[in-house]
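> Sequence first, predicted coordinates after that:
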Amino acid sequence: MNIFSTAIPPACPADIITWAEANIKVDGHSFDASRTPQLVEPIRAMADAGTRIGTLIKPVQVGGSTAGEVVLAYWAAFGNGLIQFNWENDLKATNRWHDRILPALESCRDIKRTGHRFEELICEARYINTTVRCQGVFREDALDSDTVPLQINEEIHGWKPGFLSKARRRQTQVWNSKAFDISNASQVGDQLHAAYEDGTAEVWEINCPKCDGWHKMQFRWNPDRPGEGGLRWDADGCKLADGRFNYNKLAETIRYQMPCGHEVRDIAAERRQLRGRYRVTNEGAHVSHRSWTFDAVSCDSINWLRLVQEWHAAVRGLKTGDTEQMHRFVTERECRFYSDEAIPYRGAVVVSAGITKSRDGLPNRAARLWAADAQKGYRSKGELSHYWLVIRDVLENCDSRLVFEGSIQTDTDLIAMLEEHGCQPRCGVIDATWDTKRLMEFCYRNGFNATLGSAKQEWFAHPDKIRRFYSAPKPIHGELNVPPRFNYTATAAGWTPAVDEPQVWFYNKAGLLSNLDFLRYHEELVRQADANAPAWHFIKYEVPADVSEDYKLQIDSWERRASTRGRAREHIEEWRQTRPADHMRLCEGYIAMLMEMEGFIGNRLAGLGLKPAAQEP
């Protein structure tokens with residue numbers, strides 16, 4: 001009897017997929033590769049001789065973690081050395097170890113154990129030729145261990161920046177190392193995105209039963225580019241009075257349209273007959289690093305109606321200022337790396353052809369709102385102090401049209417221009433962030449409101465306790481310690497200032513800019529959700545075709561970018577200034593803020609059956 005026979009790993013099976021289906025139970029069930037055929041090629045690559053790194057960008061709920069567990073069991077049975085299974089944090093690693101990973105390993109009869117059981121170390125199992133260690137990577141020393149021949153990296157979209165390259169360095173001394181990255185998509189430009197683009201960047205495509213061509217499957221249908229294909233549905237007759245959908249009717253119209261025009265219905269028999277394969281899009285990548293991605297719309301196990309419902313929820317969230325649902329849909333369903341281009345915002349001036357600026361403005365307007373941004377002027381530029389002024393008419397349904405935009409030289413000129421356009425003093429606001437005391441006094445004397453930018457205000461200090469991007473207004477006379485211009489009135493809430501009493505409040509710039517873009521691109525948001533939506537479903541934000549070049553340059557002086565921050569890699573939206581002159585952009589933002597404060601936006605959304613989200617800074 002050869003006492004060393006157990007130290008020799010058995011011969012590797014001819015095919016890892018066939019072996020896994022016969023030998024492994026995942027989550028209590030035998031592994032079945034037919035449920036998600038998109039996982040077959042990545043799993044096989046982790047058992048071949050040529051692939052060193054595999055980066056799989058997959059949707060949620062398609063068995064991505066199962067792929068990692070199959071590869072782990074295969075390596076534990078037929079590999080050598082330390083196998084590192086890296087997760088976002090120790091808590092997740094511990095939970096997955098006890099719930100799924102250890103049971104999967106114990107179910108495999110080809111994994112030969114040592115004389116010990118698994119009790120000696122938490123999240124570590126020692127076998128004849130391998131040691132499996134499951135851990136979180138947030139601990140600073142988690143990736144500073146011995147050389148690691150085999151490595152599985154899960155949920156990299158939540159890892160700290162630089163930790164993936166740190167994990168890679170554990171394998172530099174191993175000539176036949178393997179690393180398997182498994183994750184949802186993350187942000188454009190981050191470490192996971194770089195890993196995917198460094199690889200072969202293979203996309204899943206299917207064979208069309210009609211034209212016999214191979215087409216990439218993607219969720220979004222663009223009517224301007226039908227040659228790309230996409231998921232389609234008919235909203236006609238399915239829209240309810242509150243703006244939502246009757247999904248019992250809409251479900252009957254859902255189909256996937258191929259670039260050639262052939263349509264596939266959401267029926268199991270039709271969807272399962274579609275043959276698929278991966279196509280390399282990065283021909284220059286070295287063959288040792290393969291990367292793959294696929295859209296959830298291509299997965300038989302995911303109902304298309306469910307994707308449509310999640311898309312509608314994401315678009316409704318955008319309409320009320322919530323970007324988180326769209327972020328999750330883009331990264332977890334479409335498997336696209338998130339950026340400004342991934343959400344339906346364009347960031348370009350959309351002018352209304354055939355409309356010119358006119359003092360007459362909109363007929364039947366509910367209000368003529370205005371905003372002025374005071375400038376001190378720069379001697380080096382030959383400038384005196386001046387204002388930038390924007391005037392906009394607003395209808396009761398929140399539609400609006402630009403009436404005037406331009407620079408005003410003096411306080412007297414500003415007052416004269418407002419009077420010339422019939423603007424009411426209390427229907428506007430002046431940014432008093434610069435030269436605050438003088439401007440506050442100017443507003444007090446002339447009945448104007450004032451606003452100041454701030455990042456440290458109590459945004460909950462509203463009577464209804466709802467968090468907004470602006471603070472509760474306060475009478476200017478109190479800030480200046482002077483008598484009010486008008487008498488106070490006794491009410492149930494106490495002494496209340498007159499409606500014409502000049503007010504001052506603070507605003508958060510990120511919230512101000514987001515609120516403005518919500519109005520500017522509302523029609524585009526609606527069209528994304530329903531290409532056939534009637535005109536009354538979107539808010540019109542009209543910019544006449546004869547606006548000045550200053551306006552065109554300043555209105556797009558800020559851009560929104562997505563990023564992650566903090567230990568938990570929380571998704572956030574950030575704004576970056578792209579041009580130094582942003583004065584009319586801010587003026588339009590102040591007017592949009594007045595529209596929100598006066599209830600124009602909330603009333604319109606309520607009329608569309610949407611509940612406005614809290615306007616958070």
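That came through fine.
> and the helix or strand containing Ala125, which strands flank it?
Assigning secondary structure by DSSP states H and E places Ala125 in strand 124-126. Strand pairing for strand 124-126, determined by DSSP bridges: strand 130-136 (antiparallel).
> Now the strand it pairs with: average pLDDT?
Per-residue pLDDT values across strand 130-136 average out to 85.
> Can you point out the buried residues in stretch 459-478?
Buried positions in stretch 459-478, judged by neighbour count with 16 or more other CB atoms under 10 Å: 459, 468-471, 473, 475-477. Heads up, the C-betas are built off the backbone N, CA and C, glycines and all.
> repeat for stretch 173-190
177-188, 190.
> mind checking the SS state of His286?
coil (DSSP: H, G, I helix; E, B strand; the rest coil).
> number of nearby residues for it?
Taking other CB atoms under 10 Å as the criterion, the count of residues near His286 is 13.
> Okay, it and Ser400: tell me how far apart.
With distances taken as CB to CB, to the nearest Å, His286 is found 55 Å from Ser400.
> now Gln151
The gap separating Gln151 from Ser400 is 56 Å, by CB to CB.
> about what we covered before: for the buried residues of stretch 173-190, which one is nearest Ile302?
Taking CB to CB as the measure, Ile302 lies nearest Asn184 of the buried residues of stretch 173-190, at 14.1 Å.
> sorry, back to before: tell me which two of the buried residues of stretch 173-190 sit farthest apart.
The most widely separated members of those are Ser177 and Val188, with 28.0 Å between them, by CB to CB.
> Go ahead and confirm Ser183 touches Glu154.
Yes: under the criterion of CB atoms under 8 Å, Ser183 makes contact with Glu154 at 7.0 Å.
> What's opposite the residue nearest to Glu263 when sequence neighbours are not counted in the beta bridge?
Sequence neighbours aside, Arg255 is the residue nearest to Glu263 in space, at 4.4 Å (criterion: CB to CB, 6 or more residues apart in numbering). Note on Arg255: beta-bridge partners Arg232, Arg265, judged by DSSP bridges.
> quick one: pLDDT of Arg255?
Model confidence at Arg255, given as pLDDT, is 92.
> Who are the contact partners of it?
Arg255 is in contact with 231-233, 263-266, counting by CB atoms under 8 Å, 6 or more residues apart in numbering.
> What subset of the residues you listed is buried?
If you count burial by 16+ other CB under 10 Å, the buried members of those come out as 231-233, 264, 266.
> neighbour count winner among Gln151 and Ser400?
More crowded of Gln151 and Ser400, by other CB under 10 Å: Ser400, with 27 against 23.
> That one touches Ile391, doesn't it?
No: checked against CB under 8 Å, the pair Ser400 and Ile391 is beyond contact range at 10.7 Å.
> pretty sure Ile302 is in contact with Lys58, am I right?
No: look at Ile302 against Lys58 with CB under 8 Å: they stay out of range, at 11.6 Å.
> Where does the prediction get shaky in the chain?
Scanning the chain for pLDDT under 70 picks out 1-10, 113-122, 138-146, 241-243, 319-321, 340-354, 378-383, 562-573, 609-617.
> Next, the distance between the ends of stretch 89-105.
21 Å (CA to CA, to the nearest Å).
> if I read this right, Gln503 contacts Ser471, doesn't it?
No: counting by CB under 8 Å, Gln503 does not reach Ser471; the two are 10.7 Å apart.
> what about the residue nearest to the spatial centre of the chain, which helix or strand?
Among the residues of the chain, the one closest to the centroid is His327, at 2.5 Å (CA atoms, centre = their mean). Using DSSP H and E, His327 sits within helix 324-332.
> what's the next helix or strand after that helix packed up against?
Next in sequence after helix 324-332, counting helices and strands by DSSP H and E, comes strand 367-375. For strand 367-375, the packing partners by 3 or more CB pairs under 8 Å, 6 or more residues apart in numbering; DSSP states H and E come out as strand 386-394, strand 428-431, helix 583-597.
> how many other residues sit next to Asp550?
Neighbours around Asp550, by other CB under 10 Å: 15.
> Roughly how far does the residue lying closest to it once chain neighbours are set aside sit from Phe245?
Excluding its sequence neighbours, the residue lying closest to Asp550 (CB to CB, 6+ apart) is Met584, at 6.9 Å. Met584 is 38 Å from Phe245, where distance means CB to CB.
> buried set for the strand holding Ala125?
Going by neighbour count (16+ other CB under 10 Å), the buried part of strand 124-126 is 125-126.
> wait, which of the helices and strands packed on strand 367-375 is closest to Ile128?
helix 583-597 (66.8 Å).
> Check which helices and strands that closest one sits against.
Under the contact criterion of 3+ CB pairs under 8 Å, 6+ apart, helix 583-597 touches strand 367-375, strand 386-394, strand 400-408, strand 428-431, helix 509-520, helix 549-555.
> ok, and the closest non-adjacent residue to Lys92?
Nearest residue to Lys92, sequence neighbours excluded (CB to CB, 6+ apart): Gly136, at 6.6 Å.
> hang on, isn't the one you found packed against Ala93?
Yes: checked against CB under 8 Å, the pair Gly136 and Ala93 is within contact range at 4.7 Å.
> shared neighbours, those two?
In contact with both Gly136 and Ala93: 86-87, using CB under 8 Å, 6+ apart.
> Pick out whichever of those two has more residues nearby.
Comparing Gly136 with Ala93 by other CB under 10 Å, the one with more neighbours is Ala93, at 24 against 17.
> List the contacts of that one.
Going by CB under 8 Å, 6+ apart, Ala93 touches 85-87, 123, 134-136.
> helix or strand for it, which one?
Here Ala93 is covered by helix 90-96, with elements defined by DSSP H and E.
> Can I get that helix in PDB, CA atoms only?
Extracted in PDB, the C-alpha atoms of helix 90-96 (Å, rounded to 0.1, in the frame of the first residue of the first chain):
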ATOM      1  CA  ASP A  90     -15.300  39.800   6.700                       C
ATOM      2  CA  LEU A  91     -19.000  39.700   7.700                       C
ATOM      3  CA  LYS A  92     -20.000  38.800   4.100                       C
ATOM      4  CA  ALA A  93     -17.200  36.300   3.800                       C
ATOM      5  CA  THR A  94     -18.200  34.600   7.100                       C
ATOM      6  CA  ASN A  95     -21.900  34.400   6.100                       C
ATOM      7  CA  ARG A  96     -21.200  33.000   2.600                       C
END
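> Would you mark the buried spots in that helix?
Buried, per 16+ other CB under 10 Å, within helix 90-96: 90, 92-94, 96.
> What's the first helix or strand after that helix?
Counting by DSSP H and E, what follows helix 90-96 is helix 102-106.
> what's next to that next one, contact-wise?
For helix 102-106, the external contacting residues (CB under 8 Å, 6+ apart) are 24-28, 69, 72-73, 76, 111, 118, 125, 132.
> Mind doing that once more with 6 Å?
Helix 102-106 has contacts (CB atoms under 6 Å, 6 or more residues apart in numbering) with 26, 69, 73, 111.
> of Ile302 and Lys58, who's got more company?
Each of Ile302 and Lys58 has its neighbours counted (other CB under 10 Å); Lys58 has more, 27 against 19.
> right, and the more buried one touches Gly64 too?
Yes: the criterion here is CB atoms under 6 Å, and Lys58 meets it with Gly64 at 4.2 Å.
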